[in-house]
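> Need the 3D shape of this:
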Amino acid sequence: MIGYLQGSGATVAEVDGRQQAVPMPAEYLLGPTQFPAGLFANDRHAELSAVIFSNACSISKLNRVAISGGGAPEGYRYTRLGHFFDRTPGALRGIPFCLDITGDEYRGLWPHGYEPWTAEIEVFHNPFARHPVSFDLLPEAQHWFEENGEWLCRSVYETSILWSQTLITDANKPAPALQDHLIAEDRVHFEAD
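Here you go, the predicted model:
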């Protein structure tokens, strides 16, 4: 999404002996269509104020909101695993997690005490918009905007989730564990290299 809107992305490279993100400009999206990148790179699309995006509009989201709010049917275990957005400057990967959706630790991620509908809604603001979208229109969304030539992210929630999956298992089976998730993830990365 960011590559399409900004006309640039990032790749990981070794610079001065350490891994870091380096900018990677793009004129076209990957793939055979050669679709132009950079919808928000100049004023050609000033009539478009923002793009609202979510990778969490799913049946899993519908289940998690109710379950984290106390509506969990008996006999099942509800687990969400994935990666939190790491806001540490220079971070290259997310922070892995594996949490019980009915547990206090999971519910404590949000000030409401349960997963809100607005978690994982992202608003990408067009810096060239003729009619900018007010941040107050979607106050709990994560907002991406340009300031002094740099793209910044503002979120009302301390924790943002990059990606996740929701597992519903029998309550009498062992709970999914973060260590198992990390081993499987490493195996995927190793096989992809």
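> For the rest of this, base every contact and every neighbour count on C-alpha atoms.
Noted.
> Spit out the contact partners of the closest residue to residue 69 other than its chain neighbours.
Here the nearest residue to residue 69 in space, its sequence neighbours aside, is residue 114; by CA to CA, 6 or more residues apart in numbering that works out to 5.1 Å. Applying CA atoms under 8 Å, 6 or more residues apart in numbering to residue 114 gives the contacts 65, 68, 69, 106, 107, 108.
> Quickly find the element holding residue 114.
Element membership for residue 114 (DSSP states H and E) is empty, with no helix or strand holding it.
> picking up where we left off before, going by distance to residue 85, which of the contacts of residue 114 wins?
For residue 85, the closest of the contacts of residue 114 turns out to be residue 106, at 15.2 Å, with distances computed as CA to CA.
> What strand or helix carries that closest one?
Counting by DSSP H and E, the element that carries residue 106 is helix 104-107.
> Report the buried residues of the next helix or strand after that helix.
Counting by DSSP H and E, the element after helix 104-107 in chain order, helix or strand, is strand 122-125. Buried residues in strand 122-125, defined by neighbour count with 16 or more other CA atoms under 10 Å: 122, 123, 124, 125.
> Quick check: the two most widely separated of these?
Farthest apart among the buried residues of strand 122-125 by CA to CA are 122 and 125. That separation is 9.6 Å.
> What are the boundaries of the helices in this structure?
With DSSP state H as the criterion, the chain has helices at 2-6, 59-68, 104-107, 178-192.
> Mean pLDDT lowest where, among the ones you listed?
Of all the helices of the chain, the minimum mean pLDDT falls on helix 178-192 (a mean of 64).
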